[in-house]
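*Asks:* below: sequence and its predicted model.
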Amino acid sequence: MSTSFLKALGASAMLSLAATGAFAFECIAPADPGGGWDFTCRQIAAIMYDIKAVDTPVQVTNMAGAGGGVAYTHVVSERGSDADLIVAASSATTTRLAQNAYAGMTADQVRFVGAIGADPGVIVVAKDSPFQSLSDMVEAIKADPGSVAFAGGSAVGGFDHLKPLQVMKAAGFTDIAKIKYIGADGGADAITQTVGGFTQAMVGDLSEIVGFIRSGDVRPLAVLTEERVPGFEDIPTAKEQGFDVVAVNWRGLYVPKDISDEEFQVWADRLQQVADSEQWKR
């Protein structure tokens, strides 16, 4: 599993670009500030400008709603030939498209530039939660499915929602319709639900909640990877706790469908420059 995405985390995760001049380029994050899509846009945009892959700063626009559907519809319907636009994408994007959740829109209505990193799934609870392990939570849900509500940054049926369903399926629980899930407009909103005590757990990706883990506001119960994540070795995997679930979220970009092949290749080259940069690797 690639860990380069996680190596970019830290104080720079909420990096904002100074408006030193007119923005020639734009990156749409299909969620509110603070989540994984927002981080993807801001980190890639900052590095592109830093390594001079672009000659002006990239404006980041947050466009929340419908699990990414509002942004997708905007790009397809209104900006199908805008060669200066990139959009943050992930497994959540393709999951919702496969479910026909974007009002009948399909994956071939945009062009996917590529993935640049792997973002491990994670399940966390508030610091004062009675759950000390993933098994504790699973047993509580089996005893009373309504006693545990999950918050996530994807819509109902999206990638975050699927993660606790996978865990419970691996635990032999079949009545998954009883599992409570609240979809928020991004990981930041979802983690607020759990820290504030409105839900018993948050399910998302490590990039979204690293600051909350380090501050002690939440405790991770499990990371959904094959092996423990470098730099976060104290977080056990679900697999080692007896639940055979792996959920790693790729993160990358898509662009409007009707740009030229030459314009598409320019963005592909820029994304490759970011992936090859020391700023991304460290």
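*Replies:* The structure has been received and is ready for your questions. These figures come from a predicted structure and were not determined experimentally.

*Asks:* for the rest of this, base every contact and every neighbour count on C-alpha atoms.
*Replies:* OK.

*Asks:* neighbours around the residue lying closest to Ala24 once chain neighbours are set aside, how many?
*Replies:* Leaving aside its chain neighbours, Ala24 sits nearest to Thr56 (6.3 Å; criterion: CA to CA, 6 or more residues apart in numbering). A count of neighbours around Thr56, defined by other CA atoms under 10 Å, yields 17.

*Asks:* give me the secondary structure label for Thr56.
*Replies:* coil (DSSP: H, G, I helix; E, B strand; the rest coil).

*Asks:* surely it meets Ala45?
*Replies:* No. Using CA atoms under 8 Å, Thr56 is not in contact with Ala45, being 10.1 Å away.

*Asks:* where do the strands sit along the stretch 51-200 of the chain?
*Replies:* 58-62, 85-90, 110-126, 149-152, 180-183 (DSSP state E, counting those that start in this stretch).

*Asks:* of those, which is nearest Thr40?
*Replies:* Closest approach to Thr40 among the strands of the stretch 51-200 of the chain (CA to CA): strand 85-90, 6.2 Å.

*Asks:* mind listing what that closest one pairs with, with the direction of each?
*Replies:* Note on strand 85-90: by DSSP bridges, its sheet partners are strand 25-29 (parallel), strand 248-256 (antiparallel).

*Asks:* list the contacts for Val274?
*Replies:* Ile44, Ile47, Met48, Ile51, Trp280 (CA atoms under 8 Å, 6 or more residues apart in numbering).

*Asks:* so what touches whichever strand or helix holds the third one?
*Replies:* Take DSSP states H and E as the rule and Met48 turns out to sit in helix 36-50. Taking CA under 8 Å, 6+ apart as the criterion, the residues outside helix 36-50 that touch it are 8, 12-17, 27-32, 54-60, 62, 87-90, 186-187, 205, 207-208, 251-252, 270-271, 273-274, 279-280.

*Asks:* give me the neighbour count for the residue nearest to Ile179 when sequence neighbours are not counted.
*Replies:* Spatial nearest neighbour of Ile179, chain neighbours left out: Pro145 (5.7 Å); criterion: CA to CA, 6+ apart. Applying other CA under 10 Å, we find 18 other residues in the vicinity of Pro145.

*Asks:* count of residues packed around the nearest residue to Gly186 once chain neighbours are set aside?
*Replies:* Closest residue in space to Gly186, ignoring its immediate chain neighbours: Gly153 at 4.0 Å, by CA to CA, 6+ apart. Burial measure for Gly153: 31 neighbouring residues, criterion other CA under 10 Å.
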